[in-house]
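Need a 3D model of the sequence below.
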Amino acid sequence: MTKEEAMLEKRLIELSKMAYHRDIVTFSDFLNLNELHILHSIPKNLLSSPYETFGGYEYAERQMVAFLPGALSYTKDYPICALSISPLHAKYAEELTHRDYLGAVLNLGIDRCKIGDLAIQDRNCFVFCRDKIADYIMEQLTRVRHTMVSVKRLELKEFSYKPSLQEASGTVASVRLDSILSIGFPLSRSKLTGYIEGGKVFVNGKLITNNGYHLKENDIISVRGMGRILYDGILSETRKGRYFVRIYKY
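Here you go, the predicted structure:
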């Protein structure tokens, strides 16, 4: 564990203690997959209160942690705001990417931990952020690359997003992690092994560093910097004992 990871673990334990002793719900900033793995790896005896995670919508990858003073589920609002970024003049707008939008937001001087997922739909980008910085983004963000934009606030309950999925299939000797990844990401086995052993692959939010990890139907595999795939399952078995499987790539 690095120094930064140890500091995060300590901070999460402190938030858990605060929730217990003050009898209030306490929140973390947005955590990425690796940071969420650190949270889930903390021994239960070191956490004074239970917790839940939420990123603003069902498919969120970056999520905020709510430490709860009691055992009941948390149903109140998280301090998360959804913003919609749209071009002022769609006719003249550039084809903007996730990187373009994220770079424009971070160039306002905002720390990455204050920003959750960015979801792009048609010509709009939806940004999830800490509610305290929403007004600042709305006032200051006027341009993404060369495209003039407007920013407005959305109610989380108004936001509806389901990522588009691209179907892919292939045959594998077994439903090992590296084999399934090779269908979604056409890279060499050595490169895929490097991603797995390098701590960049997560299954259902859990860090997996074993190439031979066996997947189950509907497992979601996230590869940092590359994307996510859903393992749908085995469709059939060939005469030679290989498996014909299907995945969906986000």
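
okay, which residue is most central for the protein?
Per Cα atoms, centre = their mean, the C-alpha nearest to the average position across the chain is that of E61, at 1.4 Å.

Could you find the closest non-adjacent residue to that residue?
D117 (5.8 Å; Cβ to Cβ, 6 or more residues apart in numbering). Every residue, glycine included, has its C-beta placed from N, CA and C.

Which residues lie in contact with the residue nearest to the centre of the chain in this structure?
When contacts are counted by Cβ atoms under 8 Å, 6 or more residues apart in numbering, E61 touches 32-33, 55, 117, 222, 228.

ok, now M226?
Contact analysis of M226 by Cβ under 8 Å, 6+ apart lists 185, 195.

Sheet-wise, list the partners of the biggest strand by length in the chain with their directions.
In the chain, with assignment by DSSP state E, the single longest strand is strand 227-237. Strand 227-237 has the following strand partners under DSSP bridges: strand 219-223 (antiparallel), strand 243-249 (antiparallel).

So for K91, which of those strands sits nearest?
strand 243-249 (31.2 Å; Cβ to Cβ).

Tell me the buried residues in that closest one?
243, 245, 247-249 (16 or more other Cβ atoms under 10 Å).

Which one of those residues is nearest to K3?
Once Cβ to Cβ is applied, the member of the buried residues of strand 243-249 that ends up nearest K3 is K249, at 35.3 Å.

Could you report the pLDDT at the closest one?
We have a pLDDT of 92 for K249.

if we can go back for a sec, does the residue nearest to the centre of the chain sit in a helix, a strand or a coil?
Secondary structure state of E61, per DSSP: H, G, I helix; E, B strand; the rest coil, is coil.

tell me the pLDDT at it?
91.

distance of it from L12?
With distances taken as Cβ to Cβ, to the nearest Å, E61 is found 18 Å from L12.

what's the distance between the residue nearest to the centre of the chain and L96?
Taken as Cβ to Cβ, the span from E61 to L96 is 20 Å.

what is the mean pLDDT for stretch 209-216?
Stretch 209-216 comes out at a mean pLDDT of 94.

How about residues contacting it?
By Cβ under 8 Å, 6+ apart, stretch 209-216 touches 174-178, 180, 192-193, 196-197, 199, 201, 203, 221, 231.

ok, now stretch 101-120?
So stretch 101-120 is contacted by 29-31, 55-57, 60-64, 80, 85, 96-98, 125-130, 133, 136-137, 140-141, 143-145, 161, 163 (Cβ under 8 Å, 6+ apart).

Just list the residues touching R176, thanks.
When the contact criterion is Cβ under 8 Å, 6+ apart, the partners of R176 are 211-215.

So what touches the longest helix anywhere in the chain?
In the chain, assigned by DSSP state H, the helix with the most residues is helix 3-22. Applying Cβ under 8 Å, 6+ apart, the external contacts of helix 3-22 come out as 1, 24-28, 34-35, 38-39, 42, 46-49, 51, 65, 67-69.

ok so, going back, what subset of the contacts of R176 is buried?
211, 213, 215.
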